[in-house]
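*Asks:* coordinates only, sequence not included:
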């Protein structure tokens with residue numbers, strides 16, 4: 001298990017979560033098909049173009065309107081204001097389905113006295129939606145969202161920003177993200193880090209690292225290792 005000082009997981013003071021595809025579920029096929037249909041392109045092309053300006057969007061350099069206008073231009077189509085707005089709203093909706101097991105684990109960690117944080121690349125539209133519509137964010141000790149701090153993963157500066165907000169040393173924290181490049185960057189600043197692939201995989205690696213509070217597999221509000 002590629003952790004920094006993995007034997008020390010039992011003494012962690014903080015767990016830091018990515019949002020996309022960790023605390024939320026990935027978009028479903030119909031999400032992508034619906035947005036691609038507005039643009040009149042294939043789902044494969046939609047996926048390719050989706051990431052083209054995403055870093056600029058997530059860092060707050062582009063407004064939702066400009067991001068989707070550039071997206072349409074790259075697709076070779078012209079859209080009206082209503083269509084651009086619909087694409088922006090659909091993008092928020094497709095990333096708003098929460099992962100119940102991971103959210104339950106976050107709550108269990110908080111109840112156990114472990115500090116928690118969200119460290120996510122998130123554009124301003126999604127930030128505003130989360131701030132308004134996710135009451136569970138009140139449980140989180142530190143929320144570091146790229147569009148608000150104008151930094152994006154894997155820039156080490158955003159990890160350091162989050163650690164300062166939590167008030168913990170890197171070696172006292174565990175970062176969980178679905179992208180290996182972000183996990184690798186967290187390790188360079190001295191954090192423990194795991195790439196999220198499934199709840200079962202995460203449970204196994206946490207148990208190996210001797211961390212006692214494990215995510216449940218069946219919707220149970222957290223579980224302690226036997």
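*Replies:* Great, that's in hand. Keep in mind it's a predicted model, so treat the numbers as computed, not measured.
*Asks:* how about residue 114: what's its closest non-neighbour residue?
*Replies:* Leaving aside its sequence neighbours, residue 114 sits nearest to residue 15 (C-beta to C-beta, 6 or more residues apart in numbering; 5.9 Å). The C-beta positions use only the backbone N, C-alpha and C, and glycine is treated the same way.
*Asks:* how far out from the middle of the chain is stretch 11-21?
*Replies:* Computed by C-alpha atoms, centre = their mean, to the nearest Å, the chain-centroid distance of stretch 11-21 equals 10 Å.
*Asks:* residue 169 contacts residue 163, doesn't it?
*Replies:* Yes - the pair residue 169 and residue 163 qualifies as a contact (C-beta atoms under 8 Å) at a distance of 7.4 Å.
*Asks:* of those two, who's got more company?
*Replies:* A count of neighbours by other C-beta atoms under 10 Å puts residue 163 above the other of residue 169 and residue 163, at 25 against 12.
*Asks:* tell me the SS of that one?
*Replies:* Classification of residue 163 by DSSP: H, G, I helix; E, B strand; the rest coil places it in helix.
*Asks:* who's in contact with it?
*Replies:* Neighbouring residues of residue 163 by C-beta atoms under 8 Å, 6 or more residues apart in numbering: 169, 170, 173, 189, 191.
*Asks:* before we move on, what about residue 151?
*Replies:* Contacts of residue 151 by C-beta under 8 Å, 6+ apart are 59, 157, 158, 161.
*Asks:* so which of the residues you listed wins on neighbours?
*Replies:* Using other C-beta under 10 Å as the neighbour criterion, residue 158 leads these with 25 neighbours.
*Asks:* grab the nearest non-local neighbour of that one.
*Replies:* In space, residue 158 comes closest to residue 151 once its chain neighbours are excluded; the distance is 4.0 Å by C-beta to C-beta, 6+ apart.
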